[in-house]
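Chemist: Predicted model and sequence below, questions to follow.
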Amino acid sequence: MNQDLTKGQAKFTSFNHPLMQAQMWSMPELYEWQREIIEEAASPGARVAVSTNNESGKTRILVPLIGLSVLAAFPGATVFSTAGAEEQVRGQLFKYLAGIIRPHEGAGWSISASDLTVTAPKIRGLKSRWISRVPRDALTIEGYHGGWEKDDKGEWCWCPVCVIIDEAKSVDAAVFEAAWRIDPDFLFVISTPGEDAGPFFEAIAPDTLDGGIKHDPDGLWHYRRKISWRECPHLLTPGKLARREKLIEKYGARSSFIKSFLEGEFQRQTDENNVFTDTDLERVKLAMRPRANYNPGKKFAGLEFSGGGDEQPIMILDGDKVVYGKVWREEDTDKLAQNFLIDLRRFEVKPQNAIADNGGIGQAIIDNMESREYRGIVRYMNNQDPVSRHEYADRITEDHWRFKEMLRLHPEIQLQDDPVLMKQMRQRRFIMDDHNRVKLEPKRNHRKRTGESPDRLDTLIMTFSEWKPPKKEEKKTEYHSTIEEEARKKRGEGAQAAFGWIKKQPDMARMMVNHTQKINVK
């Protein structure tokens, strides 16, 4: 056999097929759709694209099973995998791979989390390897090609290449083009869906899927499929169902988040990505109705310093009620700082409870206010990291949803009746970022769409960003004994007190003294 033969073909057998290797790699019992995807991805010359909901097992099961099976079945094979983010590779995929490889390290398998490589034991003198990268330059992945190699007996064998693109929605077209140039023996592309544009969307072409599946042996992609959460039994337990029902209520059934997270569907311009759902707005209406009483408590203030003619609102919260709100349009920042300080001092808001927008011109105005002996203002940064980093892109987005949760849990909250604020709530939308996290629509896009900036809403969110419900005074319940009351009545009638017939037990010290005295007498 000559080395310059035409391209070989890697073909799994019934003995080394990934479905046969699943047990060796400690995989759970596969669902029927997972088995079908594995069979298609393991077919000779496979070109497979799959769109899935979150938590379907793509990075934990499907990607490791395909990649490790190629290494084990074909001596000298190369698996190259990439993803749209370093965390997807290092923090997730290689975390799972390390757990799978660990029991096999004595048999020659090794993994390097720092180098992002997996190495298989030598078979016929040839080693297979898995290399994972998030390339900044797509040209760096074009050097991986299958080829003929001599084994330790001098016989030629084909060493295939498998290319895996995980979280493909965040991978640009250049990486897809590089994958086509490699012409791999196996190409497996999988991701939760993103926007309805880009190379991954074009690969799936969801509008052409018949019932979510498309077999096309003569097409660019031989097999395409969409998976939703209803096809994942592990997500249909009572606890998981309850959580997903709450998420649907939280974001809306036709929002981009729910469509991507649960349904495996791509985001559309027509998605109902409203931050405040109809249920939320009903709660806002209730909070804006005038009520006679409220629970005073700790005072907070929110300050917005927009420029360019936008509104510059201040809101002051006392306990569970917004007791003051005013909107300025002041070009003189020194005068604006004075105006805010007058209100803050009038309502006796402490500097550490004044939350102010530190972006844009805000930083200079806060400096101005602090130079006037009002030091310690909370400098609010919209792009700060949120607490729930896997769900929200930044702090301001998370605080919007925290405020909605406050309205749900604390119907005693009172807001000022403000039609402009209500309109801004109706208009506020969100998008999904590259990591499938919820993010507020950028202000410039909001302004272009609505003609105004949502400054009153931002001020309200800042005002409540540090809020906790005021503690209500609890009256101590006095213990009431009916037996004791009955005894008192009888004592009043001259009767013996309750248990009065019982002789008092003498204390031990007195007993010892009496005993000593008796001995001395004797």
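Modeler: Looks like it came in fine.
Chemist: Please make it C-alpha for all contacts and neighbour counts, starting now.
Modeler: Fine.
Chemist: Model confidence for Asp218, exactly?
Modeler: Asp218 is assigned a predicted lDDT (pLDDT) of 88.
Chemist: One more: Gln21?
Modeler: We have a pLDDT of 96 for Gln21.
Chemist: List the contacts of it.
Modeler: With contact taken as Cα atoms under 8 Å, 6 or more residues apart in numbering, Gln21 is in contact with Leu65, Ser69.
Chemist: What distance do you get for Ile461 to Leu247?
Modeler: In this structure, Ile461 and Leu247 are 21 Å apart, going by Cα to Cα, to the nearest Å.
Chemist: cool, Ile123 as well?
Modeler: Between Ile123 and Leu247 the distance is 49 Å, computed by Cα to Cα.
Chemist: Same question for Ser51.
Modeler: In this structure, Ser51 lies at 20 Å from Leu247, with Cα to Cα as the measure.
Chemist: more crowded one of Ile461 and Leu247?
Modeler: Neighbour totals were compared for Ile461 and Leu247, and Ile461 leads with 21 against 16 (other Cα atoms under 10 Å).
Chemist: quick one: low-confidence parts of this structure?
Modeler: Applying pLDDT under 70 to the chain picks out residues 1-8, 135-142, 472-522.
Chemist: thinking Trp148 is in contact with Trp156, fair?
Modeler: Yes. Using Cα atoms under 8 Å, Trp148 makes contact with Trp156 at a distance of 6.1 Å.
Chemist: Compare those two (neighbour count), which wins?
Modeler: The neighbour count for Trp148 versus Trp156, taken as other Cα under 10 Å, is higher for Trp148 (19 against 15).
Chemist: hey, C-alpha coordinates of the strand or helix carrying that one in CSV?
Modeler: With elements taken from DSSP states H and E, the one containing Trp148 is strand 147-150. What follows is strand 147-150 as a C-alpha-only set of coordinates in CSV (Å, rounded to 0.1, in the frame of the first residue of the first chain):
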residue,chain,number,x,y,z
GLY,A,147,-3.8,11.0,6.9
TRP,A,148,-2.0,7.7,6.4
GLU,A,149,0.5,6.6,9.1
LYS,A,150,2.6,3.4,9.5
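Chemist: Which elements pack onto that strand?
Modeler: Using 3 or more Cα pairs under 8 Å, 6 or more residues apart in numbering; DSSP states H and E as the contact criterion, the neighbours of strand 147-150 among helices and strands are strand 156-159.
Chemist: Whichever strand or helix holds Arg379 packs against which elements?
Modeler: Using DSSP H and E, Arg379 maps to strand 378-380. For strand 378-380, the elements it packs on are strand 354-357, judged by 3+ Cα pairs under 8 Å, 6+ apart.
Chemist: what's in contact with the strand it packs on?
Modeler: Contacts of strand 354-357 from elsewhere in the structure, counted by Cα under 8 Å, 6+ apart, are 300-305, 362-363, 366, 377-382, 462-463.
Chemist: Starting from that strand, tell me which strands it pairs with and how they run.
Modeler: Taking DSSP bridges as the criterion, strand 354-357 sits next to strand 299-303 (parallel), strand 378-380 (parallel) in its sheet.
Chemist: most packed of those?
Modeler: Across the strands paired with strand 354-357, the average number of neighbours (mean count of other Cα atoms under 10 Å) peaks for strand 299-303, which reaches a mean of 27.
Chemist: contact partners of that one?
Modeler: For strand 299-303, the surrounding residues in contact (Cα under 8 Å, 6+ apart) are 312-319, 344, 348-350, 353-357, 459-464, 466-467.
Chemist: cool, stretch 385-395 as well?
Modeler: With contacts defined as Cα under 8 Å, 6+ apart, stretch 385-395 is touched by Met381, Asn382, Asn383, Gln384, Glu398, Asp433, Asn436, Arg437, Val438, Lys439.
Chemist: Restricted to strands, list those.
Modeler: In strands, judged by DSSP state E, the following of the contacts of stretch 385-395 are found: Val438, Lys439.
Chemist: Which member of the contacts of stretch 385-395 is positioned nearest Ile101?
Modeler: For those, the closest approach to Ile101 (Cα to Cα) belongs to Asn436, at 29.0 Å.
Chemist: which ones are touching that closest one?
Modeler: Gly194, Phe257, Ser260, Phe261, Glu391.
Chemist: Please name the residues that touch Gln427.
Modeler: Under the criterion of Cα under 8 Å, 6+ apart, the contact partners of Gln427 comprise Asn274, Thr450.
Chemist: Now do Ser388: how many residues are near it, please.
Modeler: Neighbour count for Ser388, taken as other Cα under 10 Å: 12.
Chemist: Now do the SS call for it.
Modeler: When the structure is reduced to helix, strand and coil (DSSP: H, G, I helix; E, B strand; the rest coil), Ser388 reads as coil.
Chemist: Number the chain from 22, please
Modeler: New numbering, starting at 22: the last item is Ser409.
Chemist: Any figure for the gap between it and Tyr272?
Modeler: According to Cα to Cα, Ser409 and Tyr272 sit 16 Å apart.
Chemist: Likewise for Asp439?
Modeler: According to Cα to Cα, Asp439 and Tyr272 sit 24 Å apart.
Chemist: Among the strands paired with strand 375-378, which comes closest to Tyr117?
Modeler: In terms of Cα to Cα, the element of those nearest to Tyr117 is strand 399-401, at 37.5 Å.
Chemist: what about that closest one, distance to the chain center?
Modeler: 24 Å (Cα atoms, centre = their mean, to the nearest Å).
Chemist: residue contacts, Gln30?
Modeler: Counting by Cα under 8 Å, 6+ apart, Gln30 touches Pro65, Gly66, Trp179, Pro181, Asp206.
Chemist: Was I right to think the second one contacts Pro205?
Modeler: Yes. In this structure, Gly66 sits in contact with Pro205. The criterion is Cα under 8 Å, and the distance is 7.4 Å.
Chemist: if you count what's nearby, which of the two comes out ahead?
Modeler: For Gly66 and Pro205, the more surrounded residue by other Cα under 10 Å is Pro205, and the numbers stand at 23 against 18.
Chemist: Can you list phi and psi of that one for me?
Modeler: In terms of degrees, to the nearest 10, the main-chain angles of Pro205 are phi -70, psi 160.
Chemist: is Ile132 in a bridge, and if so with what?
Modeler: Under DSSP bridges, the beta-bridge partners of Ile132 are Val139.
Chemist: residues contacting it?
Modeler: Here Ile132 is in contact with Leu118, Ala119, Ile122, Thr138, Val139, Thr140 (criterion: Cα under 8 Å, 6+ apart).
Chemist: The same query, at a cut-off of 10 Å, please.
Modeler: With contacts defined as Cα atoms under 10 Å, 6 or more residues apart in numbering, Ile132 is in contact with Phe115, Leu118, Ala119, Ile122, Arg123, Glu126, Thr138, Val139, Thr140, Ala141, Arg150, Trp151.
Chemist: Are any of those residues buried, and if so which?
Modeler: When burial is judged by neighbour count using 16 or more other Cα atoms under 10 Å, the buried members of the contacts of Ile132 are Phe115, Leu118, Ile122, Thr138, Val139, Thr140, Ala141, Arg150, Trp151.
Chemist: closest to Trp130 among those?
Modeler: Distances from the buried ones among the contacts of Ile132 to Trp130 were compared by Cα to Cα; the smallest belongs to Ala141, at 4.8 Å.
Chemist: Identify the residue spatially nearest to that closest one, adjacent ones excluded.
Modeler: If you skip the residues right next to it in sequence, Ala141 has Trp130 as its closest partner in space, 4.8 Å away by Cα to Cα, 6 or more residues apart in numbering.
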